[in-house]
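Chemist: following is a predicted model, sequence given first.
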Amino acid sequence: MGRRNGSIIGKRNVGAGATSNASGVWGLNDTQRVSAPDNSSALESKVQIRYLLVGGGGGGAGSDTTAVRGGGGGAGGMKEGTFTCYSGTQLYIQVGNGGSGGSDFWPGSTGTMSRISSPNDNIKAFGGGGGKGYNNWTSDSARWGASGGGLDNYAGNHFSAVPGYVNQGNPGGQLYPYSTNPDGRSASGGGGAGDKGEDAGSSSGGDGGAGKQSYITGTGVHYAGGGGGGARDGHSRGYGGVGGGGNGGVAPASTSPGVQNGSDGQANSGGGGGGAATGSNSQHPGPAGGGDGGSGIVILRYPNSVVWSGGTGLTYGSHTPIPGTDERYIQFTDGNGYITITT
């Protein structure tokens, strides 16, 4: 049987941005019926998008007695990868919020998740766990997160370090052994995306766990560091982990009794908040608060030919070209809403 006029023999890419080919002998009038291996139309434009999700960091714990220093908050979860969509695909984007620092001797709150959802994908980066404080009769589940929060130092709280879950983070640090003077110790650091929180030392609060580095923007940036543990007078504070973790507070020396709040995690880093500190003698003037966890972030990287519409309810920057590539990226820094991809 002879070929139709205008037929094409062989294999060729069809459609801007298409990643699937159809081979063989077929007529121009039949092109809409030719399918790629995944049963999509050979003419349908298909694009691969790279993403980074960082959940909100957990809040650091507060402090309100001479015997307690607050644990650092755990970092938000960090997920990086790719997904594929077609022109006209609608994506739901949510940027996680940091958890609140604990007031007085309450534990910090867990951060909220960052998310990308489409008809075929539901990608989540969970919030970080809150640091533990003296008031630990709240449920353990409220303090779990992508990375675990650090522990306070109080002798009556015989808890193990809280593990991170869903393979997005690491546990908080352990306490210094209670063999002598447990009430005079400092607190441990919250876990980070790259490492566990540091254990409290004999004369120091534990540092927050290190975050991880991403090159999605073309430049290496660390995200999701854990918060540092609060320190008693005469000890050194726990410092926030690289990637936006907040520093723990450190109380003034016993000759100058006082308190110090933990520092907030860095915005759009997913860093945990630092734990609070009070002095070890009975003359301290009042409570201290843990630092708030840092908010999360969503970053998309895609070919220059891709555009999108929508975005109501979201805060975002400009389309930023990545040198040496034919791609650009955009950062969503707050809110939630829908965008529609166009190729």
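Modeler: Perfect, thanks for sending it.
Chemist: spit out the contact partners of the closest residue to V259 other than its chain neighbours.
Modeler: Excluding the flanking residues, the one nearest V259 by Cβ to Cβ, 6 or more residues apart in numbering is A288, at 3.9 Å. Using the backbone N, CA and C atoms, a C-beta is placed for each residue, glycine as well. By Cβ atoms under 8 Å, 6 or more residues apart in numbering, the contact list for A288 reads 62-64, 70, 230, 249, 259-262, 276-278.
Chemist: and the pLDDT for Q174?
Modeler: pLDDT recorded at Q174 is 83.
Chemist: which residue, other than its chain neighbours, is closest to it?
Modeler: D199 (4.4 Å).
Chemist: the one you found contacts L175, doesn't it?
Modeler: Yes. D199 is within contact range of L175, at 7.1 Å (criterion: Cβ atoms under 8 Å).
Chemist: how about the nearest residue to T84 once chain neighbours are set aside, what does it touch?
Modeler: Leaving aside its sequence neighbours, T84 sits nearest to Q48 (Cβ to Cβ, 6+ apart; 5.1 Å). Shown in contact with Q48 (Cβ under 8 Å, 6+ apart): T19, T82, F83, T84, Y302.
Chemist: closest to G133 among these?
Modeler: Using Cβ to Cβ, F83 comes nearest to G133 of the contacts of Q48, at 39.0 Å.
Chemist: tally of neighbours for the closest one?
Modeler: 17 (other Cβ atoms under 10 Å).
Chemist: same question, G197
Modeler: Using other Cβ under 10 Å as the criterion, G197 is surrounded by 44 other residues.
Chemist: K212 now?
Modeler: Neighbour tally, K212, other Cβ under 10 Å: 20.
Chemist: next up, phi/psi of it, please.
Modeler: Backbone torsions for K212, taken as degrees, to the nearest 10, come to phi -120, psi 160.
Chemist: quick one on the thing from earlier: okay, and the residue nearest to T84 sits in which element?
Modeler: In the assignment (DSSP states H and E), Q48 maps to strand 46-54.
Chemist: show me what counts as buried in that strand.
Modeler: Going by neighbour count (16 or more other Cβ atoms under 10 Å), the buried part of strand 46-54 is K46, V47, I49, Y51, L52, L53, V54.
Chemist: show the pLDDT at the closest residue to S204 other than its chain neighbours.
Modeler: Leaving aside its chain neighbours, S204 sits nearest to S236 (4.4 Å; criterion: Cβ to Cβ, 6+ apart). Per-residue pLDDT puts S236 at 93.
Chemist: where does the stretch 101-250 of the chain dip in pLDDT?
Modeler: The stretch 101-250 of the chain contains residues with pLDDT under 70 at 134-145, 152-166, 178-183.
Chemist: give me the number of neighbouring residues for the residue nearest to S204.
Modeler: Other residues close to S236 by other Cβ under 10 Å number 15.
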